[in-house]
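In: pasting the sequence and the predicted coordinates here, then a few questions.
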Amino acid sequence: MPSTDFAELLEKHPPVEESLIEILHDVQLAHRYLPRPALVAVAAHCAVPLARVMSVATFYKAFSLEPKGEKVLKVCMGTACHVKGASQLLDEAERLLGCKCGETTADGRYTLEEVNCVGACAMAPLVIEDEQYHGKFKPVDMKLLLKAGE
Amino acid sequence: MSEIILNGRKVKVRKGEFLLAVARREGIEIPTLCQHDAVEPAGACRLCLVEVTRPEWEGWSKLVTSCLFPAEDGLIVSTDSAPVHKTRKGILELLMARSPNAVPVRELARQYGIEQCPYPVQHDGDNCILCDICTRVCQNLVTGAISRIDRGVGKRVATPFAEPSTDCVGCLACAKSCPTAAIPYEDEGLRRTIWGKTFEVASCAGCGAPTVTAEQAAWIEQSKGVSREDQLVCDRCKAQKTAAAYQKLAW
């Protein structure tokens, strides 16, 4: 990834430490992860040590140092969802996608993750595909959801 | 000038002072592991907990980290009440489970009467208690080559990508400020290795003793304006030079 790719993105933000998270969000959105050259470029832009960027980039769940799939499928494992059988949803997702929770499918289409609560417990159990919330989810719905995404 | 009641005694405090500083000035001992005079307090180790209350709280009190709690007028502080002692002991038990080989942790655990740690002890556990002194020292006083990586149980101190850092100048400030000697380094003659990076240490122009690394000298020259020549003289030779100068003056 040539560093010129980030130049345009960096220009939108003032070169101060306060821009750090905003820029990382933009990079994550554009590349679905934080490539190493981007982290180096961001550190230089914000005039902070690379170590500072690393601590921020590894602290927040919103950032990833590994490429994420085109879509991120999250299964809520919060208390309400757990009671409503979220683990079966996760099992079904793992079976259909052929990857474990936290991993990305070989074709790079999906990343499967679990979340601990999304604050929509009335809709439990929940599956979130990118920013789309699917409530009262049943294991059979998983196949339909993944098919609709093809 | 404000006033607080510290362990039953009226104590005058300055505006913006923290409780820990006031207590230490008054000769009251509060254990800490993450406090370091070179950097701002961080409240990382939680050992400096004290109990605070006010008359208008009608008997309610709370535990706060004294290193970060401002000494406000009218505050009633107890540094070793039963809740403080109990909570501090609990923290020490957790630290003992994580870093049973760290000397200051063992020493404090002994002081607080911990004979058997109630949690599964990691006998070969890391000495690092994540007090954050090394990262604060490096970021605030040197180049910021190390930082905390990840969060929660996986949190650790490392260089970016756990590789030898281009920012590290090999000054050993992190290792020397570590309260639990958790940062390994090798310092043999004119060779020094830390965080996976090996440095050449320059020898003193006067006596040949090790002084600073080339990277360190360059960084100090650039950021503090101290010339390389001045840095390449060891403390002993500097002292002798100064003494000689004084002697000349005195005669």
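Out: Happy to help now that I have it. All values reported here derive from a predicted model rather than from experimental measurement.

In: helix, strand, or coil at residue A:91?
Out: What DSSP: H, G, I helix; E, B strand; the rest coil gives for residue A:91 is helix.

In: sorry, that was for residue B:175
Out: helix.

In: just give the nearest non-adjacent residue to it, would you?
Out: residue B:183 (4.1 Å; C-beta to C-beta, 6 or more residues apart in numbering or on different chains). Placement of C-beta: from N, CA and C, glycine included.

In: number of nearby residues for that neighbour?
Out: Residues lying near residue B:183 (other C-beta atoms under 10 Å in any protein chain shown) number 18.

In: for the stretch 51-200 of chain B, list the residues in contact with chain A, please.
Out: B:135, B:138-139, B:143-151, B:159-161, B:165-167 (C-beta under 8 Å from any C-beta of the partner chain).

In: domain parsing for chain A?
Out: A:4-59, A:71-148 (automatic domain parsing).

In: ok, so what distance separates the residue nearest to residue B:175 from chain A?
Out: 14 Å (C-beta to the nearest C-beta, to the nearest Å).

In: hmm, that residue is touching residue B:134, no?
Out: Yes - look at residue B:183 against residue B:134 with C-beta atoms under 8 Å: they come within range, at 6.2 Å.

In: anything in contact with each of those two?
Out: The overlap between the contact sets of residue B:183 and residue B:134 (C-beta atoms under 8 Å, 6 or more residues apart in numbering or on different chains) consists of B:157, B:174, B:175.

In: inside helices: which ones of the residues of the stretch 51-200 of chain B next to chain A?
Out: B:135, B:138, B:139 (DSSP state H).

In: thinking again about what came up before, can you name the helix or strand that the residue nearest to residue B:175 falls in?
Out: For residue B:183, there is no host helix or strand (DSSP states H and E).

In: quick one: the helices in chain A, in order.
Out: Under DSSP H, chain A gives helices at A:4-11, A:20-31, A:36-46, A:50-59, A:79-83, A:86-97, A:139-148.

In: winner for burial among those?
Out: Mean neighbours per residue, mean count of other C-beta atoms under 10 Å in any protein chain shown, is largest over those for helix A:50-59, with a mean of 22.

In: ok, and what's touching it?
Out: For helix A:50-59, using C-beta under 8 Å, 6+ apart, the contacting residues are A:17, A:20-21, A:24, A:34, A:39-40, A:42-43, A:46, A:63, A:65, B:135, B:138-139, B:144-151, B:159-161, B:165-167.

In: any regions of chain A where pLDDT drops low?
Out: A:1-4 (pLDDT under 70).
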